[in-house]
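Trainee: Let's see this in three dimensions:
(2 chains)
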Protein chains: 2
Amino acid sequence: MELNVGEWRHATASILSIGDELVRGQTLDTNSKWLADRLSLAGIEVVEHATVDDDERRIARALERLGAATDLIVVTGGLGPTADDLTRFSLARVLSGGPDADRASLATDADSLEQLKTWFAGRGKPIPEANAVQALCPAGATMLANDNGTAPGLHAAIDRLACDVFCLPGPPRELQPMFARYIEPTLRGAGRGVSGVRLLLTFGLGESAVADPIGPLMDRDRPDRGLPLIGTTASRGVVTCRIRHTATDETTLRDALDHAEDELRAILGPAVFDRRDPAKGDDIDVTLALPATLIDLCRDAGARLVTAESCSAGLLASMIADVPGASDVLSAGWLTYANEAKTSMLGVPADTIKAHGAVSSEVARAMASGALERGCDLDPAVRFAAAITGIAGPGGGTEEKPVGTVWIAVADRVTGEIDPRRFLFKGNRLAVREWSARAAMGMVRLALLGENMELLGEVERLGAKAFT
Amino acid sequence: MELNVGEWRHATASILSIGDELVRGQTLDTNSKWLADRLSLAGIEVVEHATVDDDERRIARALERLGAATDLIVVTGGLGPTADDLTRFSLARVLSGGPDADRASLATDADSLEQLKTWFAGRGKPIPEANAVQALCPAGATMLANDNGTAPGLHAAIDRLACDVFCLPGPPRELQPMFARYIEPTLRGAGRGVSGVRLLLTFGLGESAVADPIGPLMDRDRPDRGLPLIGTTASRGVVTCRIRHTATDETTLRDALDHAEDELRAILGPAVFDRRDPAKGDDIDVTLALPATLIDLCRDAGARLVTAESCSAGLLASMIADVPGASDVLSAGWLTYANEAKTSMLGVPADTIKAHGAVSSEVARAMASGALERGCDLDPAVRFAAAITGIAGPGGGTEEKPVGTVWIAVADRVTGEIDPRRFLFKGNRLAVREWSARAAMGMVRLALLGENMELLGEVERLGAKAFT
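Mentor: This is a model prediction of the structure:
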């Protein structure tokens, strides 16, 4: 579909979210962050997000203001069938001359009405009367088909403001594919030539431990010297290096990105566990990146896993099971919260617990060893057992073993090694448990790769960093 | 501390978030939702959120615009010690006459500087030169001490705009206590008299299954008739009824809230599992509400728990362990992802799995029964075993057992009952697993209360609702 976008370049963009539930704080807006990230990756400078309630004139005034200030507005929400869905009417005002003007005329778009009828027919229902409003298109705008819901989107190039406006429905699973289909291909950032981004995902180093050694590679003036711009972001324990470049053609672009990737890998070594090419459709969400990598590695090696968890109480196994296909790798787990459970379920000697405490190298080792033995009895393909025992807080800490102290051991059937490591994670109960699960995944990965676990010495600092 | 707030009432408010990382989509803004929710609960109409980058003039223009439009602005971020922390300078411009005016003079606030020195001294360091800027106060503003970080906040009553501006640091654990300490006590909503809110938390009914039977109690014109306003919100599987009222005095207010609570409880019955009084400092975050209630009930009854999880893979146990004090109640769990694990770890007969499939009433029953037996061997205080087996997707579904089919069984040592229930949850893999864990918690709660599990027939619809 060819959209009639404006003649101007999209140097700057703004995002407008619409809805009473957002502005009153009943619902968390995650769309604005997602959109801003995608627009930024396309080389466009996002300068403002705004959120307003379901008020036709207030929406129109926000459109007018943002349209005057930026080259592109992405609007989310307010395209539903009910009386408080007003985005199309606000846009009609702005299209007819300004926020306080009368609405431009709206007419039923035949294709959109047909799609709505088909949508409801597929669910065995006639189209409800209220939904017909969703096929109304303001004069001067174009409808954008929505394959995942009833609300079509809208596009208008407003010459008066030199601004392209895209209106998308609020539900992320409708909005995200529509952004990729209609907006991304029409974006024309301020730069000349072709732009691209590559992401390198790391685990085990804190953000500053990534940034410090790559120092000069992060200089902000590199684009002036024809070199890719490199930055870091941290999310969910993963520090991502973003390599961004603009070149005269695709080949030069790819070569420059490849070269920068090589430079970073030479410095960061095995901390890099994944790479992403958003332009090729790779997901930029890092939530599942670490367990997904672990599952791929284990599947390729024919190595299955079992878990033995105390303070993390199932969170490690659950994070792994978040990834589709986890059953190829995850066999079973023991959740030994109480000390009696450690002894009875995993054969951790009661004397060991008594002598060293439940949070100790010795108990982590015995948990991993007991879990591996039981796992191999279940399934001879089990190679690794990961064991976690720690103090998640807020109570239970001592001077010797403060809250956040966690022992993790990975037993490897092939090498016979078990190397318990101590971490001191900062933050609240959930943070300590999440870092424990991530560190355990990191340890299994390094064991499988035969890499030195010393890399994870940094995890302690990393967990701390997130909360200071 | 007595703040010199403006003479005007706070009928409307806006929220301004500041930071490159927010506007570019590298960081998700959760503060705006939190603040909007708290302001709304205090009876103030939040009409806009805005997010701008670290640009002194852009921040000042946003302050001017929002100050002209609303009675109160809460600003977050930009109070740090670095060159891109510009909030205090932008405020100084607005205080001196407008966003494009020269800055009002800023002077070092002696108390704030002293606090900064003390903060760093407590960490064994002299105050870094850069941090001295954090003690700079624009003429006409007041500093707000921050007990949890280096950045003091700021307050200014801008008479020219008839607007109170509060600037708070961005980290939630600094912002939230400062909001409660400085802003909440000074808020004066538009209404007359005393305002209050009470929250009733429900589980097991979808939002419309809560709203439909209480129908007339949700009429929007009830305040005109002197009756509390009642609305519903849904988050994390919990549907919350919010009762809001303004009365002439505290006693009348409490009586009206009590009466509305009684009316709702009479209709909603055991679906109500908790109540909150935000004005009395109760937490309004419902994330941990369901497991926290379960733990309190079990602790009071001396009933401990074990879990047996297949598709949820530890998520049920992990959700329970999110709550401090979970170890009073949670003993152990078995994560039987593979079929061999169900047989070997919980004694589920291989024939039963073969005859009925791993996702079946019979297997759920055998898992719960096997887990209860093993749990009681560990610890005679174990009363309940909760077992989950299902198809989380995206693969593995059949016509007879589509993705989202989950069997859950709770075995009760005291009554001897095991009553497996089938659910069909909609949504992605994580959604199916989260709903499974929640439904299992709901079943244990109803078993403990001796209530009819039929209430949870609705959970199926509830899970579905979240994704249509």
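
Trainee: alpha carbons only for contacts and neighbour counts from here, please
Mentor: Will do.

Trainee: Which stretches in the stretch 51-200 of chain A count as helices?
Mentor: Remark: helices assigned in the stretch 51-200 of chain A by DSSP state H, counting those that start in this stretch are A:56-69, A:87-95, A:110-122, A:172-178.

Trainee: Against which helices or strands is the second one packed?
Mentor: Using 3 or more C-alpha pairs under 8 Å, 6 or more residues apart in numbering or on different chains; DSSP states H and E as the contact definition, the elements that helix A:87-95 packs against are helix A:56-69, strand A:136-138.

Trainee: Single out the most deeply packed of the ones you listed.
Mentor: strand A:136-138 (a mean of 24; mean count of other C-alpha atoms under 10 Å in any protein chain shown).

Trainee: what pairs with that one, and is each one parallel or antiparallel?
Mentor: Within its sheet, strand A:136-138 is paired with strand A:106-108 (antiparallel), according to DSSP bridges.

Trainee: Outside of the partner strand itself, list whatever touches it.
Mentor: A:92, A:133, A:135-139 (C-alpha atoms under 8 Å, 6 or more residues apart in numbering or on different chains).

Trainee: thinking again about what came up before, with residue B:300 as the reference, name the closest of the helices and strands packed on helix A:87-95.
Mentor: helix A:56-69 (51.6 Å; C-alpha to C-alpha).

Trainee: re earlier: could I get the helices and strands packed on helix A:87-95 as CSV with distance to residue A:226?
Mentor: Shown next, in CSV, are the helices and strands packed on helix A:87-95 (distance: least, C-alpha to C-alpha, whole Å):
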stretch, distance to residue A:226
helix A:56-69, 30
strand A:136-138, 44
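
Trainee: List the contacts of the nearest residue to residue A:420 once chain neighbours are set aside.
Mentor: Excluding the flanking residues, the one nearest residue A:420 by C-alpha to C-alpha, 6 or more residues apart in numbering or on different chains is residue A:409, at 4.1 Å. Each residue near residue A:409 by C-alpha under 8 Å, 6+ apart is listed here: A:361, A:364-365, A:368, A:386-388, A:418-421, A:440.

Trainee: And for residue A:39?
Mentor: Contacts of residue A:39 by C-alpha under 8 Å, 6+ apart are A:13, A:45-46.

Trainee: List, out of those residues, those positioned next to chain B.
Mentor: A:45-46 (C-alpha under 8 Å from any C-alpha of the partner chain).

Trainee: of all the contacts of residue A:39, which comes closest to chain B?
Mentor: Here the nearest of the contacts of residue A:39 to chain B, counting by C-alpha to the nearest C-alpha, is residue A:46; it sits at 5.8 Å.

Trainee: Within the helices and strands, which one has that closest one?
Mentor: strand A:45-52 (DSSP states H and E).

Trainee: quick revisit: any chance of the helices of the stretch 51-200 of chain A in CSV with distance to residue A:349 as columns?
Mentor: Formatted as CSV, the helices of the stretch 51-200 of chain A follow (distance: least, C-alpha to C-alpha, whole Å):
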stretch, distance to residue A:349
helix A:56-69, 67
helix A:87-95, 66
helix A:110-122, 61
helix A:172-178, 50
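
Trainee: can you list those in TSV and add mean pLDDT?
Mentor: Converted to TSV, these look like this (pLDDT from 0 to 100):
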stretch	mean pLDDT
helix A:56-69	95
helix A:87-95	95
helix A:110-122	91
helix A:172-178	91
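
Trainee: Let me know which of those is the nearest to residue A:4.
Mentor: Closest of these to residue A:4 is helix A:87-95, at 15.0 Å (criterion: C-alpha to C-alpha).

Trainee: Which residues outside that closest one are in contact with it?
Mentor: A:18, A:56-57, A:59-60, A:63-64, A:77-79, A:99-106, A:136-140, A:154, A:158, A:167.

Trainee: Give the residue spans of chain A that score low on pLDDT.
Mentor: A:1-2, A:189-192, A:279, A:281, A:458-468 (pLDDT under 70).

Trainee: what about the spatially most central residue of it, helix or strand, and which?
Mentor: Geometric centre of chain A, nearest residue: residue A:285, 2.6 Å, by C-alpha atoms, centre = their mean. Here residue A:285, judged by DSSP H and E, is contained in no helix and no strand.

Trainee: and the stretch 301-450 of chain A, which residues reach chain B?
Mentor: So far as C-alpha under 8 Å from any C-alpha goes, the stretch 301-450 of chain A lies against chain B at A:311-318, A:321-322, A:324, A:327, A:330-338, A:340-341, A:344, A:378-379, A:393-395, A:429-430.

Trainee: Please check those residues and keep the buried ones.
Mentor: A:311-318, A:321-322, A:324, A:327, A:330-338, A:340-341, A:378-379, A:393, A:429-430 (16 or more other C-alpha atoms under 10 Å in any protein chain shown).

Trainee: now, which of the residues you listed lie within helices?
Mentor: A:315-318, A:321, A:340-341, A:378, A:429-430 (DSSP state H).
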